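Novice: structure for the following, please:
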Amino acid sequence: MASLQTTSIFSSSSFSSSLRKVNASIHVPNPPRVTYSVPKAPTRKLQVEELINGSVDSTPLEKNAFTTHIYEGLFSPSKKSNMATVQLYSILEAVADRIEMHKNICEQRNNWNTLLLNSINMITLTATAMAGVAAATSGDTTPLLALKLSSALLFSAATGMSLIMNQIQPSQLTEEQRNATRLFKQLHTQIQNIIALGNPTEEDVKGSMEKVLALDRAYPLPLLGAMLDKFPEKYEPAVWWPSSQFQRRSRTQESNNGWSEDLEMEMREVIEVVKKKDIEDYERLGNIALKVNRSLAIAGPLLSGIAAVGTSFVGNGSWAALVPLMAGSLASVVNAFEHGGQIGMVFEMYRNCGGFFTLLEQTIQATLEEKNLDKRENGEVFEMKVAMKLGRSVSELRRLASKSASCCMKGITVDEFASKLF
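Specialist: The predicted model follows:
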């Protein structure tokens, strides 16, 4: 037993000593902390500046400050240019809002035309049918009086509604809003192009505002007080551009700026064809549409009014019943032809087409009157624009000009219109 205890004591003491050795080998003192200053990674602008200057001696802070200064000078616009850009964006927002307004009002007034036309025709036909039933009723009885009064009231209501509808011409109003939407979209694209090209000026801002206000005057939104005259004394083309539009010209750096004597003669011949053929033709058609529309606007309410008066004679004889029946039927036909055929819309379309050709004529004349070629638009670009507006290629436009010149020498009128679009 003593030997066993001695052995266990020695073994435990040897185990503890071995643990101390192990612990001594594990607990190593920590090394001293060493701090290093790592420079910040250079930015992309700094790397570009280092490649340009070829030096890396400056500190990153100095490099960043210098690079920021260089890049602000290169890419930051001037205060005046920046202000013009901000103003153009404001005008762009206003133009986008006007596009949406004209589009919504166009749909609304188109619905007016459809609903009013259907309502007036249904009222007129109902009144005509009641007048016919009253004529078939024999004797001076209460049903006869009720039918006569109802027919007279319906004819009177149709007359009043027809007068209002003929005065405002919803189909013509709809066409006005369609044209305004298209022209505002065109102006929206022009302003976007000015911003995209960069370096807008105060003249660009002023010109854009004048164009917006000119469109507002040409195609007003309200009906009361500002509505265009639907029955003018004579046909006049629409005008939606400011008078000062032709006083500003873009500058270029070319000597002749793409112009030549042949090109100027070509533009003059194109003007002659536009004036003698297209403008005169649309003026003739516009006057015809105006006369037809005015005649129908008078005939519709007049016929329904005659029918309303004629119902009071129903029952006094076989011939007395013909007046409200025929007048009511003819009133429905006239209203259907006037508003269903949208004669007012046709007249407004002719006005817009006449305005298009007038604008083209004034643009070409103002360009040719500018003696300084550097202030004109580039001749080749201008020729291409005129050709595209007329629906022709450049070669077709030149052929038209040569044909017009030869016809003028022979003393005859050219047998071809300038525009192939409309």
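Novice: list the buried ones in stretch 338-355?
Specialist: 338-339, 342-355 (16 or more other Cβ atoms under 10 Å). From N, CA and C alone the C-beta is placed, and that goes for glycine too.
Novice: how about stretch 280-292?
Specialist: So, applying 16+ other Cβ under 10 Å, buried residues of stretch 280-292: Asp281, Tyr282, Glu283, Leu285, Gly286, Ala289, Leu290, Val292.
Novice: excluding sequence neighbours, find me the nearest residue to the first one.
Specialist: Counting by Cβ to Cβ, 6 or more residues apart in numbering, the nearest residue to Asp281 once its immediate chain neighbours are dropped is Phe417, at 7.2 Å.
Novice: check the second one too.
Specialist: Using Cβ to Cβ, 6+ apart and skipping residues adjacent in sequence, the residue nearest Tyr282 is Gly354, 4.5 Å away.
Novice: the fourth one too?
Specialist: With Cβ to Cβ, 6+ apart as the criterion, Leu285 has its nearest non-adjacent residue at 5.3 Å, and that residue is Tyr350.
Novice: wait, the one you found touches Arg284, no?
Specialist: No: proximity of Tyr350 to Arg284 does not meet the contact threshold set by Cβ atoms under 8 Å, at 9.4 Å.
Novice: separation between the residue nearest to Tyr282 and Pro200?
Specialist: According to Cβ to Cβ, to the nearest Å, Gly354 and Pro200 sit 33 Å apart.
Novice: got it, and Glu266?
Specialist: Distance, Glu266 to Pro200, using Cβ to Cβ: 32 Å.
Novice: can you check Leu400 too?
Specialist: Distance, Leu400 to Pro200, using Cβ to Cβ: 36 Å.
Novice: then Ile120?
Specialist: 51 Å.
Novice: now swap in Pro301 and tell me
Specialist: 53 Å.
Novice: repeat that for Tyr89.
Specialist: Counting by Cβ to Cβ, the gap from Tyr89 to Pro200 is 10 Å.
Novice: these two: which is more packed in?
Specialist: Per other Cβ atoms under 10 Å, whichever of Tyr89 and Pro200 has more neighbours is Pro200, with 23 against 14.
Novice: contact partners for the more buried one?
Specialist: Each residue near Pro200 by Cβ atoms under 8 Å, 6 or more residues apart in numbering is listed here: Ser81, Ala84, Thr85, Leu88, Ile194.
Novice: for ChimeraX, write a command that selects the buried ones of the residues you listed.
Specialist: To isolate in ChimeraX the members of these that are buried, counting by 16+ other Cβ under 10 Å, one can use:
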select :84,85,88,194
